[in-house]
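Student: Based on what follows, work out the 3D shape:
(2 chains)
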Amino acid sequence: AAGVIQSPRHLIKEKRETATLKCYPIPRHDTVYWYQQGPGQDPQFLISFYEKMQSDKGSIPDRFSAQQFSDYHSELNMSSLELGDSALYFCASSLRRGENEKLFFGSGTQLSVL
Amino acid sequence: DQQVKQNSPSLSVQEGRISILNCDYTNSMFDYFLWYKKYPAEGPTFLISISSIKDKNEDGRFTVFLNKSAKHLSLHIVPSQPGDSAVYFCAASEGTSYGKLTFGQGTILTVHP
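Tutor: Presented below is the predicted three-dimensional model:
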């Protein structure tokens, strides 16, 4: 079965550079979530989209922006990268159905800022 | 401010025995709780969930118990298998934001053959 695809798997950037992370949800899923997991930390919710509209916002820095496109894939754009942005970024997709909503996570993009 | 806490960073269990993973939360607005399992280099995988209107949910070898008055939930795995060795995350959500999860720090479960 198709899973959530994230690209790239690994990304190395310098401070103050920009990065774009991509997420391809499971076919027919209408909702995408982005999470950030720092070293030794729990995943933190960043932002979510439902039917291409932002649905919820968490602890996402102003330097980050995201969108969901007409084909439901999503991109997380990160500018003016800082050392503290080094983390594992997970994307998850779901079919919004209330309490029975289940998130399916991708394998993540490991971002290293040097 | 850690709203979901897993106070045991690790747990070691013998194959065939019961594994009990614990989770505490502080936000009384949480009304939906989930357990996720994570292997290295993979994303979290959904295991089992429970709504705040229930106190127990069972799925095969996995049972989740919820004690709302104590703001505590636990995951029981019986019998434990070596393939269960992974990091287990407790997570919670509130209201209709079912996918906006607050995670605990995770517990590393090791099941020895």
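Student: what bridges to whatever residue of chain A ends up closest to chain B?
Tutor: Each residue of chain A has a distance to chain B, by Cβ to the nearest Cβ, and the smallest belongs to A:F105, at 3.0 Å. Yep, even glycine has a C-beta here, placed from its N, CA and C like the rest. Bridge pairing for A:F105 (DSSP bridges) gives the partners A:A92.
Student: could you measure it against A:Q68, distance?
Tutor: 17 Å (Cβ to Cβ, to the nearest Å).
Student: What pLDDT does the model give the closest residue to A:E101 other than its chain neighbours?
Tutor: Distances taken as Cβ to Cβ, 6 or more residues apart in numbering or on different chains put B:Y98 closest to A:E101, at 4.3 Å, once the chain neighbours are dropped. The predicted structure scores B:Y98 at 77 on the pLDDT scale.
Student: Quick test: name the residue nearest the centre of chain A.
Tutor: The residue at the geometric middle of chain A, judged as the C-alpha nearest the mean C-alpha position with Cα atoms, centre = their mean, is A:W34 (3.2 Å).
Student: Just the element for that residue, please.
Tutor: Here A:W34 sits within strand A:31-37, counting by DSSP states H and E.
Student: Run through the residues that contact the residue lying closest to A:I12 once chain neighbours are set aside.
Tutor: Residue nearest to A:I12 in three dimensions, not counting chain neighbours: A:S112, with 4.9 Å by Cβ to Cβ, 6+ apart. In this structure, A:S112 makes contact with A:10-13, A:86, judged by Cβ atoms under 8 Å, 6 or more residues apart in numbering or on different chains.
Student: Make a ChimeraX selection of whichever of those residues turn out to be buried.
Tutor: Of those, the buried ones can be selected in ChimeraX as follows, counting by 16 or more other Cβ atoms under 10 Å in any protein chain shown:
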select /A:11,13,86
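Student: Make TSV out of the contacts of A:S112 and add pLDDT and distance to B:V13.
Tutor: Formatted as TSV, the entries for the contacts of A:S112 read as follows, by pLDDT from 0 to 100; distance: Cβ to Cβ, whole Å:
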residue	pLDDT	distance to B:V13
A:H10	97	33
A:L11	97	37
A:I12	98	38
A:K13	97	41
A:S86	97	33
